[in-house]
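S.K.: pasting the structure only:
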């Protein structure tokens with residue numbers, strides 16, 4: 001919590017302005033470093049907006065930055081930083097369209113009625129990749145053959161479909177059997 005009297009005269013002007021802004025919106029208690037963080041954020045926003053305005057002014061071929069350049073830069077920053085929710089009418093229309101579809105039938109049984117398994121998050125949702133086993137090498141090969149073996153095997157061996165490893169995919173449901 002900040003003591004209002006302590007260090008009030010040592011604060012820079014922008015910090016005093018920030019304190020008055022916080023007070024104007026009803027914030028009475030805050031950590032002392034909050035003021036410094038807001039001032040830093042404020043400066044960063046202003047510097048970015050002025051830099052963008054200068055770029056817009058140069059692109060338009062103007063010798064100096066004018067009010068229109070600054071307005072465009074601020075509006076661009078606001079549009080990129082903050083998004084507005086869609087209008088109420090759009091949300092109501094989307095809800096009306098969605099509510100046209102009837103709810104799915106529930107699973108009959110004891111307990112809480114649930115929708116079909118394919119419409120829920122309890123259906124299988126992961127896979128294990130199980131590599132196929134390699135064929136055992138021919139018994140004729142010996143260590144002597146391996147030592148003198150060609151480092152670049154012939155093209156037929158590279159494209160042999162039985163040697164390619166394509167993993168099997170197996171899915172398991174998360175729902176376990178309940179035993180009594």
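M.R.: Cool, got the structure. In this text, all values refer to a predicted model and were calculated from it rather than measured experimentally. Numbers count the residues shown, from 1 in each chain.
S.K.: List the buried residues for the helix ranked longest in the chain?
M.R.: Criterion DSSP state H: the longest helix present in the chain is helix 33-59. Burial within helix 33-59, assessed by neighbour count using 16 or more other C-beta atoms under 10 Å, is assigned to 35, 38, 39, 49, 52, 53, 54, 56, 57. In short, each C-beta sits where N, CA and C put it, glycine included.
S.K.: unless I'm mixing things up, residue 50 is touching residue 69, no?
M.R.: No - counting by C-beta atoms under 8 Å, residue 50 sits too far from residue 69 to count as a contact (9.4 Å).
S.K.: pLDDT on stretch 54-64, on average?
M.R.: Per-residue confidence for stretch 54-64 averages out to 94 on the pLDDT scale.
S.K.: which residues are in contact with the helix or strand in which residue 93 is found?
M.R.: Under the criterion DSSP states H and E, the helix or strand holding residue 93 is helix 88-99. Contacting residues not belonging to helix 88-99 are listed as residue 85 [C-beta atoms under 8 Å, 6 or more residues apart in numbering].
S.K.: repeat that with 7 Å
M.R.: Under the criterion C-beta atoms under 7 Å, 6 or more residues apart in numbering, not a single residue lies in contact with helix 88-99.
S.K.: all strands of this structure, in order?
M.R.: 127-130, 168-171 (DSSP state E).
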